[in-house]
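Q: just to be clear, the model below is a prediction. Sequence and coordinates:
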Amino acid sequence: PKDQIREVRFRTNQFAAENHDPGFVTVDIFTKPGVNLWHGGVNFGFRDAALNGRNAAAAIRGPGQDRRYAFNLSGPLWKKHTSLFISGDGMNSFDTRTVLAALPTGVFNDLIERPVNNLNLNVRGEHGYGKTHALRLEYQRTTSLLENLGVGNFDLADRAYNSNSTEHLVRFSESGTLGKKIFNELRF
């Protein structure tokens, strides 16, 4: 509805810094904070290796599994002024790599599991003031743990390494129009 839209902006400069894929014209629709009702969603996905084939170099089919989940919740904190958005998604999975190597003691054939755990959380608050301006504060946390990297094919388990990272991001922005035709956005 028109009373929920704060601004519509067309971007035609395909090579601008904020456009990572040239070739598309985009339309940004900015809604007014605090005008929607509370709503949210949850989803979950599961995949098991039961239907996978056996690697030709492996004696048996290796196990594997993917579990993906996500949620989101958004709504007004102060009607027609302030909104809150919370979301998260994650993945817990593992696959199996086949190791086939020739050692001085003979042929080595084994399966090595490689776990992956990711979690992303996002909290964003937006406050509208005036007819066309909005303040936005956002926090993102991303964690990733990957184990037994570098193992498989001809590389043995003693060459394995892990990767563990956590990233925190805080972003503040003020956006709105100056006059009737100039859009301004300030980000920190």
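A: All right, it came through fine. Residues are numbered from 1 along each chain as shown.
Q: going by C-alpha atoms from here, please, whenever you check contacts or count neighbours.
A: Noted.
Q: how about stretch 54-74: buried residues?
A: For stretch 54-74, burial by neighbour count (16 or more other C-alpha atoms under 10 Å) applies to Arg61, Gly62, Pro63, Gly64, Asp66, Arg68, Ala70, Asn72, Ser74.
Q: now the residue nearest the centre of the chain, nearest residue through space, not along the chain?
A: The centroid of the chain falls nearest to Asn120 when counting by C-alpha atoms, centre = their mean (6.2 Å). Spatial nearest neighbour of Asn120, chain neighbours left out: Thr142 (4.5 Å); criterion: C-alpha to C-alpha, 6 or more residues apart in numbering.
Q: can you pull the contacts of Ser74?
A: Trp38, His39, Gly40, Ser83, Leu84, Phe85, Ile86 (C-alpha atoms under 8 Å, 6 or more residues apart in numbering).
Q: mind doing that once more with 7 Å?
A: Contacts for Ser74 (C-alpha atoms under 7 Å, 6 or more residues apart in numbering) come out as Trp38, His39, Gly40, Leu84, Phe85, Ile86.
Q: of the residues you listed, which is the most crowded?
A: In terms of neighbour count, Leu84 stands highest of the contacts of Ser74 at 21 neighbours, by other C-alpha atoms under 10 Å.
Q: which residues does that residue bridge with?
A: Per DSSP bridges, the residues bridged to Leu84 are Gly75, Gly125.
Q: make 49 the first number, not 1, from now on.
A: That works, and once the first residue is 49, the last one we named lands at Leu132.
Q: worst mean pLDDT across the helices and strands of this protein, which element?
A: In the chain, no helix or strand scores lower on mean pLDDT, DSSP states H and E than strand 53-59, which sits at a mean of 56.
Q: coming back round to it: between the buried residues of stretch 102-122, which sits nearest Phe142?
A: Gly112 (5.4 Å; C-alpha to C-alpha).
Q: and the pLDDT at that closest one?
A: At Gly112, the predicted lDDT confidence score is 86.
Q: in contact with it, which residues?
A: Asp96, Ala97, Phe142, Asp143, Thr144.
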